[in-house]
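In: Sequence and predicted structure are below.
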Amino acid sequence: MLSAIDPAAIGATLEETWSPRVVAELDDSYVKVARIQGSFGWHSHPAEDELFLVLRGCMRLEMEHGTVELKQGELFVVPKGARHAPSADADCLILLIEKKTTLHGGDTDNPRARSIASQLQGPG
């Protein structure tokens, strides 16, 4: 049976911050939702772009040459290789589109990073 996906509804069921869940696949990419609050830390993805779309709340993407502020409904693509540090002062719900090869923590050893296996689990 065909059915639509409601990323915001799925994201609302997430209990943990910085723990994305895969909600769809698009060619060689995953579509993910995540709750974020606080700072994830500086990292980069040397071979992959990363799309951030705010579903609820607001967030910042600190970059080496400035900061991008995103409000609900806005998106930004972090170019491959660009060092960035996502953060949110308050609870924020985001949608991500990333290649399936993208490591959550990028090129750093980040204790908040989650394996793709955990990202493929159901919400919770």
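Out: Okay, I see it.
In: Look up how far G11 lies from G57.
Out: With the distance defined as C-beta to C-beta, to the nearest Å, G57 ends up 11 Å from G11. Heads up, the C-betas are built off the backbone N, CA and C, glycines and all.
In: before we move on, what about D91?
Out: In terms of C-beta to C-beta, D91 sits 10 Å off from G11.
In: P46 now?
Out: Going from P46 to G11 by C-beta to C-beta gives 28 Å.
In: what about the two, which has more around it?
Out: Ranked by neighbour count (other C-beta atoms under 10 Å), P46 and G11 place G11 first, with 22 against 10.
In: what secondary structure does that one sit in?
Out: At G11 the chain is in helix, as set by DSSP: H, G, I helix; E, B strand; the rest coil.
In: in terms of contact, does it touch R35 like I think?
Out: Yes: counting by C-beta atoms under 8 Å, G11 touches R35, with 6.3 Å between them.
In: joint contacts of the two?
Out: By the contact definition C-beta atoms under 8 Å, 6 or more residues apart in numbering, G11 and R35 are jointly contacted by L93.
In: where does the chain dip in pLDDT?
Out: Applying pLDDT under 70 to the chain flags residues 103-119, 122-124.
In: got a list of what the spatially most central residue of it touches?
Out: With distances taken as C-alpha atoms, centre = their mean, L96 lies nearest the centre of the chain, 4.3 Å away. With contact taken as C-beta under 8 Å, 6+ apart, L96 is in contact with P20, Y30, V31, K32, V33, A34, E50, L51, F52, L53.
In: Next, work out how far apart it and A34 are.
Out: According to C-beta to C-beta, L96 and A34 sit 7 Å apart.
In: what's the answer for V23, then?
Out: Counting by C-beta to C-beta, the gap from V23 to A34 is 10 Å.
In: Repeat that for F76.
Out: From F76 to A34 the distance is 15 Å (C-beta to C-beta).
In: what residues do G57 and G11 have in common as contacts?
Out: Listed as contacting both G57 and G11 by C-beta under 8 Å, 6+ apart are L93.
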